[in-house]
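Return atomic coordinates for the entry below.
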Amino acid sequence: MFREMRRHKQLLNAEETAAVLYKGTSGVLALSGEDGYPYAVPISYVFDGDKLYFHCAQSGHKLDAIRHCPKASFCVIDQDQIVPEEYTSYFRSVIAFGTIRELENDGEKRAAIEKLARKYAPDDTAEGLDAAIRRGWAPLCMLEMTIDHMTGKEAIELVKAKEAKN
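Here you go, the predicted structure:
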């Protein structure tokens, strides 16, 4: 169903792939947009080790696209060091494929926004976190992406550097 990565040597293992998703603060969500055009949008997210969560407005292009076709891909770039003298970049990235659903149940929605809030405001108090969530609750839409397939990849130069250390 999903293609195997051509350059197997550059494949990140499951632990390294998850680390990229935990560390990242934003990525690009790609959806099937209107009239067959792809719709890719930068977005903040949280990864809980199993699923990805996003927040959005209760209406708009993103939500319309998801309601039309819930299949999506999400890409996070962890490193992108340009090396002009080699005409390349030393990169590390992850791409996940899955299905997105809008969280309708208040309990699920609350759990998801708490994960997102803890990621972006880790030093806030429980009271501060709760107050922020209550302020933004009415217009809040939370999305959950169930991951069907995920790969991480890094530049061959980074692979060689790791091999040289060992």
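
hmm, who's touching stretch 23-32?
Contact with stretch 23-32 is made by 38-45, 47, 54, 62, 65-66, 68-69, 71-78, 94, 120, as judged by Cβ atoms under 8 Å, 6 or more residues apart in numbering. No exception for glycine: its C-beta is placed from N, CA and C like everyone else's.

Rounded mean pLDDT for it, please.
On average, the pLDDT along stretch 23-32 is 97.

How about that stretch, which residues are buried there?
Within stretch 23-32, the residues scored as buried using 16 or more other Cβ atoms under 10 Å are Gly24, Gly27, Leu29, Ala30, Leu31.

For the helix or strand where the fourth one lies, C-alpha coordinates in PDB please.
Here Ala30 sits within strand 26-32, counting by DSSP states H and E. Extracted in PDB, the C-alpha atoms of strand 26-32 (Å, rounded to 0.1, in the frame of the first residue of the first chain):
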ATOM      1  CA  SER A  26       5.500  22.800  13.300                       C
ATOM      2  CA  GLY A  27       5.000  20.900  10.100                       C
ATOM      3  CA  VAL A  28       3.200  20.900   6.800                       C
ATOM      4  CA  LEU A  29      -0.200  19.200   6.600                       C
ATOM      5  CA  ALA A  30      -1.100  18.100   3.100                       C
ATOM      6  CA  LEU A  31      -4.700  17.500   2.100                       C
ATOM      7  CA  SER A  32      -6.700  17.000  -1.000                       C
END
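
continuing past it, what's the next helix or strand?
Following strand 26-32 toward the C-terminus (DSSP H and E): strand 38-44.

what's the spacing between that next one and its chain's center?
Taking the mean of its C-alpha atoms, strand 38-44 sits 10 Å from the chain's own mean (Cα atoms, centre = their mean, to the nearest Å).

Partner strands of that strand, with direction?
Sheet pairing of strand 38-44 (DSSP bridges) gives strand 26-32 (antiparallel).

Hey, what's the angle from the longest helix that the chain contains to strand 38-44? Just curious.
Longest helix in the chain, counting residues (DSSP state H): helix 106-120. Angle of helix 106-120 versus strand 38-44, following axes from the mean of the first three to the mean of the last three Cα atoms, to 10 degrees, is 70 degrees.
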